[in-house]
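**Student:** Give me the fold of what follows.
(one chain, ligands or ions: 1)
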Amino acid sequence: MRLLLERALLPHGVADDVEVLIEGGRFVDVRPGLRDSAATRVDGLTIPGLANCHSHAFHRALRGHTQAERGSFWTWREQMYAVAERLTPDSYYALARATYAEMVSTGITTVGEFHYLHHGPGGTAYDDPNAMGKALIAAATDVGLRITLLDTCYLASGFGTPPEGVQQRYSDGTAEAWAARVADLSESPTSRIGAAIHSVRAVPADQLSTVVAAADGGPLHVHLSEQVAENEACQAAHHCTPTELLHDHGVLHSATSAVHATHLTESDIDLLGAAQTTSCFCPTTERDLGDGIGPSRALHGAGSRLSLGSDSHAVIDLFEEMRALEMNERLRTQQRGHWSGAELVAAATRHDSLGWSDVGQIAIGQRADLVNLATDSPTTAATGASYESVAMATSAYDVRRVWIDGVRRLDGDRAQVGADLTKAIEEVRR
Ligand SMILES: [Zn+2]
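**Tutor:** Numbers count the residues shown, from 1 in each chain. Next up is the predicted model:
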């Protein structure tokens, strides 16, 4: 397949009249300045595929139903648990498939699914103990979305307290049992298996190293200091911050993603930077839940790379995540211009924290993911078709076409995505 991109974001900047040749799902040639090419013309601005590095697919069923409440993260969590309680492998497949189709329609080409709803009611394993994880992989595969299933170890309700209620569905009992179950999952050309520690609350300190060993140098994600209460409980139990606890147990390294990283000390920031971790920010969820504003720029300065996720899916729009990151810094500091458009686009197109090092650039040898944006929509008209227009002026609805591994996945028609979401969410909210 040969396409002529009117304008494209290439690794070294914006270029016009870029002809791309795609074979076997990869770019085999990329040439700017070929105005007279006979290839199929793609108008507008085309960017690499977006990576959604933190997702809980079933939270999509909460959108619009939890935003009216007063309360906190912890009262929201009760509503989230009520949905988790009802899901079966079949209903989760349908909900995840519809949610992943929404992601594709917004230009997301890889999802990192932080998956902790493993077992049946009461914590009883399904006949296939990986039935839920396999449902998620199938859901992504069936809509053409690349997935890293971050199978999540969750063993405790809090420091020294066993899982209770629906949390029993999350727990494998021990980290060894979790690792044995995960070892039975297999990968494919479009799906990978990674590991996750739900949080320092949910995995006892003496079992952290088992999860690290099972991750075996691959992606290892962890919710970190999203809430002040988590920090306080960690101090009470271990006399250190959650970041220090993870550091002391060998969790922090270059394949580790710290998700949220909201309430950190200066020394936490130094530890995360020195270990060359990735910091995964989810600004639309963090503001929806009233989490707070994490020190994204300070983490970057310390050496931690930035990635982005839509987490609870109150919004699925990585353009909004990019924008929100910069806007949060402006509100916090009363100064403008913390992140450049190029830095924000780089954060949104980094797939390596999910184990995919050959995705995220329009360049020879990379997997052929393309996201084509309208530059003449009511939102984007006359905004310049640049890094800044992508990060500051574009919305998910400006995505017109999506290719993943060279296969066309969206051609502008979103009606079916909405219909499938309605059906799947009505089923689990009944
Ligand atoms: Zn999360």
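**Student:** lowest-confidence helix or strand of the chain?
**Tutor:** Of all helical and strand segments in the chain, the minimum by mean pLDDT, DSSP states H and E falls on helix 73-86, at a mean of 87.
**Student:** Would you agree E286 falls within a strand?
**Tutor:** No: read with DSSP: H, G, I helix; E, B strand; the rest coil, E286 is helix and lies in no strand.
**Student:** follow-up on the earlier one: what residues of the least confident helix or strand of the chain count as buried?
**Tutor:** Residues of helix 73-86 classed as buried under the neighbour-count rule (16 or more other C-beta atoms under 10 Å) are 73, 76, 79-80, 83-84, 86. All C-beta atoms are positioned from the backbone trio N, CA, C, and that covers glycine.
**Student:** tell me the two of those that are most distant?
**Tutor:** Spanning the widest gap among these are F73 and R86, at 21.3 Å by C-beta to C-beta.
**Student:** got a list of what H338 touches?
**Tutor:** Contacts of H338 were listed using C-beta atoms under 8 Å, 6 or more residues apart in numbering, and they are 297, 326, 329-330.
**Student:** where does this protein dip in pLDDT?
**Tutor:** Applying pLDDT under 70 to the chain flags the ranges 412.
**Student:** Okay, helices next: where are they in it?
**Tutor:** Using DSSP state H, the helices of the chain run over 73-86, 89-105, 131-142, 175-182, 208-215, 228-238, 242-248, 266-274, 283-288, 296-302, 318-333, 341-348, 387-393, 415-429.
**Student:** so the longest one versus helix 73-86, what angle?
**Tutor:** Calculated by axes from the mean of the first three to the mean of the last three C-alpha atoms, to 10 degrees, helix 89-105 forms an angle of 120 degrees with helix 73-86.
**Student:** Identify each buried residue in helix 89-105, please.
**Tutor:** Applying 16+ other C-beta under 10 Å to helix 89-105 flags 89, 91-105 as buried.
**Student:** Which strands or helices does it pack on?
**Tutor:** Secondary-structure packing of helix 89-105 (3 or more C-beta pairs under 8 Å, 6 or more residues apart in numbering; DSSP states H and E): strand 50-55, strand 108-115, helix 131-142, strand 399-404, strand 407-410, helix 415-429.
**Student:** Export that helix to CSV, keeping only CA atoms.
**Tutor:** C-alpha atoms of helix 89-105 as CSV (Å, rounded to 0.1, in the frame of the first residue of the first chain):
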residue,chain,number,x,y,z
PRO,A,89,-16.1,-13.1,31.0
ASP,A,90,-18.8,-12.7,28.3
SER,A,91,-20.1,-9.3,29.5
TYR,A,92,-16.6,-8.1,30.1
TYR,A,93,-15.7,-9.1,26.5
ALA,A,94,-18.6,-7.1,25.1
LEU,A,95,-17.9,-4.0,27.3
ALA,A,96,-14.1,-4.1,26.6
ARG,A,97,-14.6,-4.6,22.9
ALA,A,98,-16.9,-1.6,22.7
THR,A,99,-14.5,0.5,24.8
TYR,A,100,-11.5,-0.5,22.7
ALA,A,101,-13.5,0.4,19.6
GLU,A,102,-14.0,3.8,21.1
MET,A,103,-10.2,4.0,21.7
VAL,A,104,-9.4,3.1,18.1
SER,A,105,-11.9,5.8,16.9
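**Student:** mind checking how far the residue nearest to H59 when sequence neighbours are not counted is from S199?
**Tutor:** Spatially, and ignoring its direct neighbours in sequence, H59 is nearest to S312 (4.2 Å; C-beta to C-beta, 6 or more residues apart in numbering). Noted for S312: a distance of 15 Å to S199, by C-beta to C-beta, to the nearest Å.
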